[in-house]
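Chemist: Take a look and give me a structure for this.
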Amino acid sequence: MAHPTAQTSISIIVVGGGIGGLSAAYLLGRAGHKVTVLEATSTFEEVGAGIQLTPNVTRLLIRWGLGDKLKECAVIPQELCLRRYKNGELMGWMKWGDIMEKDHGSPYYHVHRVDFHQMLLDLAQPYITLRMSAKVTNVDPSTATVTLQSGEVIKSDLIVGADGVKSHLRDIVVGAPDRPQATGDAAYRALIPTHQMMNDPELKELVDETAATVWMGPHRHIVGYCVRSKELYNLVMLHPAREDNDNVRPADCEVMRDDFKEFEPRIVRLLRLVPSTFVWSLLDRDPLDTWTHSSGKLTLLGDACHPMLPYRAQGAAMAIEDAAALGYFFTKLTSTTQIPSLLKAYEQVRKPRASEMQLGSRMNQKIFHFPDGPQQEARDASMRQAKEVVEKELRGESTEGCEGNANVWADKLRSRAWFGYDADEEAGKWWAENGNKILEE
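Modeler: Next up is the predicted model:
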């Protein structure tokens, strides 16, 4: 399949070889630009864990030709189950599976993060120069020049900062040190081989039902789902942070189990199977006023400009949507003088969307973590109401909407806005209305 390429090719440095950086590098390289990815680490060390790919991002990945590879290793969640921590009682429920694709035009997948990162790496490598152990220590945005730890200086026409939540390039765009703020939460991650769950009938159900399950408790919650063709059961366990240390580090499994000792017996047994776990404190930032340096030669992407808390599975999705928009606009380049204008276009399309998703992802932190009491009871009643609506719809009965429901996935208007979004389409709409002004520059 032929892809559009820019009339003018430029040199682009992408700082960071994570999911967002590789996605942007692939699309910019495919557009005919000379792209160099600078990755600080000597080897990719993606944490072994699950990642949720929602319809707003799978539609892009399928267009990129990754549909078959995703099918080979992905798990399609058939249900969403929102449970009470103490006894596992089902508070909220959604039927997903094929319905998700029917409603939003693309599937919902659970995949292993390492598998997904490798897919993107394989996709991008024909179009890029990848340099490992290439830590950037200085950036001159006025000349689009970076200096590496080795002392090497690299000149380009454009720098894309995809260097994560602790972004050094963000400080340059802001003009001062801009440290992320602690949220008070930390996350454990763990993977359990599913064959170890099959001898316990109640744990076996977690594998067989192929659901995304959330256990909601006071100041903490657990998310569990299968990945890698159901070979592994992925757990993400949010809890009050003991320290503000956002480095991913090994954690004591006994401490982790103690943090969730009040959860239902099924969880207690499940956590006994965890062979090892990692933990890190969750950091957040408020939306930026701008993503692009005043020089017009440096912009940000993904967590570097809008980190997403992991309460609605949109971190990777937003980075990939950013990449899609940036890649689209830079297929239109006909002169280097247009670079600042194309970056403004990218920001105009992406910033409102990402800021909305960033703030929206914070909602579930509060909703999932209510202590036992009136707020928790109201939440559970709201979720049960939405569950009844879903069950009626499946029986073909007429129903009222679930706008504003505590189960945010049951709110069809919100889900349509979140999952029905098409980054390519939105960039195309902007260009159809405004592109001629840029081409005239």
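Chemist: ok, P107 to I99 distance?
Modeler: 11 Å (CB to CB, to the nearest Å). To be clear about C-beta, it is placed using only N, CA and C from the backbone, and glycine gets the same treatment.
Chemist: between these two, who's got more neighbours?
Modeler: A direct count of neighbours by other CB atoms under 10 Å for P107 and I99 places P107 higher, at 23 against 15.
Chemist: so the more buried one makes contact with W96?
Modeler: No: the criterion here is CB atoms under 8 Å, and P107 misses it with W96 at 9.6 Å.
Chemist: any residues in contact with both of these two?
Modeler: Contact with both P107 and W96 is made by residues I76, according to CB atoms under 8 Å, 6 or more residues apart in numbering.
Chemist: Low-confidence stretches in the stretch 1-150 of the chain?
Modeler: 1, 46-48 (pLDDT under 70).
Chemist: Would you map the strands across it?
Modeler: Remark: strands assigned in the stretch 1-150 of the chain by DSSP state E, counting those that start in this stretch are 11-15, 34-38, 50-53, 79-84, 90-95, 109-112, 128-131, 136-140, 145-148.
Chemist: Now do the buried residues in the one helix or strand A381 maps to.
Modeler: Element membership for A381 (DSSP states H and E) is helix 374-394. Going by neighbour count (16 or more other CB atoms under 10 Å), the buried part of helix 374-394 is 376, 379-380, 382-387, 389-390.
Chemist: How about stretch 177-193?
Modeler: 180, 182-183, 185-192.
Chemist: Among these, name the ones in helices.
Modeler: Assignment to helices by DSSP state H places none of the buried residues of stretch 177-193 there.
Chemist: Please render these as a markdown table that adds distance to R242 and pLDDT to the earlier fields.
Modeler: Output for these, formatted as a markdown table (distance: CB to CB, whole Å; pLDDT from 0 to 100):
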| residue | distance to R242 | pLDDT |
| --- | --- | --- |
| P180 | 18 | 78 |
| A182 | 11 | 85 |
| T183 | 13 | 88 |
| D185 | 11 | 94 |
| A186 | 7 | 95 |
| A187 | 12 | 95 |
| Y188 | 12 | 96 |
| R189 | 16 | 95 |
| A190 | 17 | 96 |
| L191 | 22 | 96 |
| I192 | 23 | 97 |
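Chemist: for those residues, which one is nearest Q78?
Modeler: Nearest to Q78 out of those is I192 (CB to CB; 19.4 Å).
Chemist: pretty sure that closest one is touching E231, no?
Modeler: No: contact between I192 and E231 fails when scored by CB under 8 Å: they sit 10.2 Å apart.
Chemist: Would you mind measuring from A323 to Y127?
Modeler: Taking CB to CB, one finds A323 at 13 Å from Y127.
Chemist: Which one of these two is surrounded by more residues?
Modeler: A323 (29 against 17).
Chemist: So that one versus F44, what's the distance?
Modeler: Applying CB to CB, the value for A323 to F44 is 17 Å.
Chemist: just T331 next, same as before
Modeler: According to CB to CB, T331 and F44 sit 28 Å apart.
Chemist: And M91, by the same measure?
Modeler: Distance from M91 to F44, by CB to CB: 39 Å.
Chemist: Same question for L282.
Modeler: Distance, L282 to F44, using CB to CB: 22 Å.
Chemist: A304 now?
Modeler: According to CB to CB, A304 and F44 sit 18 Å apart.
Chemist: Compare those two and say which one has the larger neighbour count.
Modeler: Taking other CB under 10 Å, A304 and F44 do not tie; A304 has more neighbours (30 against 15).
Chemist: List the residues that contact that one.
Modeler: Here A304 is in contact with 16, 20, 161-165, 167, 169-170 (criterion: CB under 8 Å, 6+ apart).
Chemist: Good, wrapping up.
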